[in-house]
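K.L.:
Need the 3D shape of this:
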Amino acid sequence: MSAKTFIAGAVFVFVCCPPAHSTPPATSSPFLQAIGKDKLCVTNGTVTTLPSGKLAIDTPSSRAVVRVRTTQTAEIRFRYLGPSEGSRPLASGELRRQIGLKLRAEDACNLLYVMWHIEPDSKFGVSIKRNGGKHTFEECHANGYVTIKPRKSVERLKIRPGEYHTLRAELKGTELTLFADDRAVWEGTVGTGIAEFDGPVGLRTDNARFEFDFYAHLLGSDRSSMTRGDRIDRCQPSSGD
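P.N.:
Below you'll find the predicted structure:
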């Protein structure tokens, strides 16, 4: 085999089959701002801050939204650390490990979910939870979910403990695009019903442990501070969403 043939083959393997991240990937969206725990309203589970400044989750269920107004673009750069110590099945009874983003998160009953499944399957799931006139989990429980089918999507390899990955969602009107490790993996239309509710971005995890950085695009004249007009004051614990 000639040297040129070997090099061409090596490049082909790298491009077609990129290795999992063993080090934190750099964010690809410089206009996004890092969101610390002080700007998160944690409604379920526990989010802690590590000495490194990264955020961490080790509870079976976690839910949070940004306390200030945001655009509908969010990114989470995470390291999967394995299953949580305890487990909490979904309402369907399935024990799923996953991490994802919330968009237009008005409350526990009305929002858009973008999830990256880890176990038992490995795929991206997009769903709208809509319950008109209901605003708390006690009112809507796990009702109102509609799965959104993509116009175009790709499958991903299984996420393994210790790996670093990035998930970013960009919603423009009714058009949604997901990026995993800076690669477009899901594109589709979420429907005009998305206009029935509005809110900031956020995050969700189930039955897994993570350390992560969360990014969002804050609105307001002074993005380094939270003015009263921009703040989301109703931060109440919830049984879930």
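
K.L.:
report the longest strand in this structure, please.
P.N.:
Once the chain is assigned using DSSP state E, the strand that runs over the most residues is strand 70-83.

K.L.:
Only alpha carbons, please: show the very next helix or strand once past it as PDB.
P.N.:
Along the chain past strand 70-83, the next helix or strand (assigned with DSSP states H and E) turns out to be strand 97-107. What follows is strand 97-107, C-alpha atoms only, in PDB (Å, rounded to 0.1, in the frame of the first residue of the first chain):
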ATOM      1  CA  ARG A  97     -31.500   7.500  30.900                       C
ATOM      2  CA  GLN A  98     -31.500  10.800  29.000                       C
ATOM      3  CA  ILE A  99     -30.400  14.400  28.900                       C
ATOM      4  CA  GLY A 100     -32.000  17.200  27.100                       C
ATOM      5  CA  LEU A 101     -33.200  20.800  26.600                       C
ATOM      6  CA  LYS A 102     -36.400  22.700  27.200                       C
ATOM      7  CA  LEU A 103     -37.600  25.300  24.800                       C
ATOM      8  CA  ARG A 104     -40.500  27.800  25.200                       C
ATOM      9  CA  ALA A 105     -40.900  26.400  28.700                       C
ATOM     10  CA  GLU A 106     -43.900  28.400  30.000                       C
ATOM     11  CA  ASP A 107     -44.500  25.900  32.900                       C
END
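
K.L.:
Output the contacting helices and strands for strand 97-107.
P.N.:
With contacts defined as 3 or more Cβ pairs under 8 Å, 6 or more residues apart in numbering; DSSP states H and E, the packing partners of strand 97-107 are strand 61-66, strand 70-83, strand 110-119, strand 164-172, strand 202-206, strand 208-218. Where C-beta positions appear, they are placed from N, C-alpha and C, glycine not excepted.
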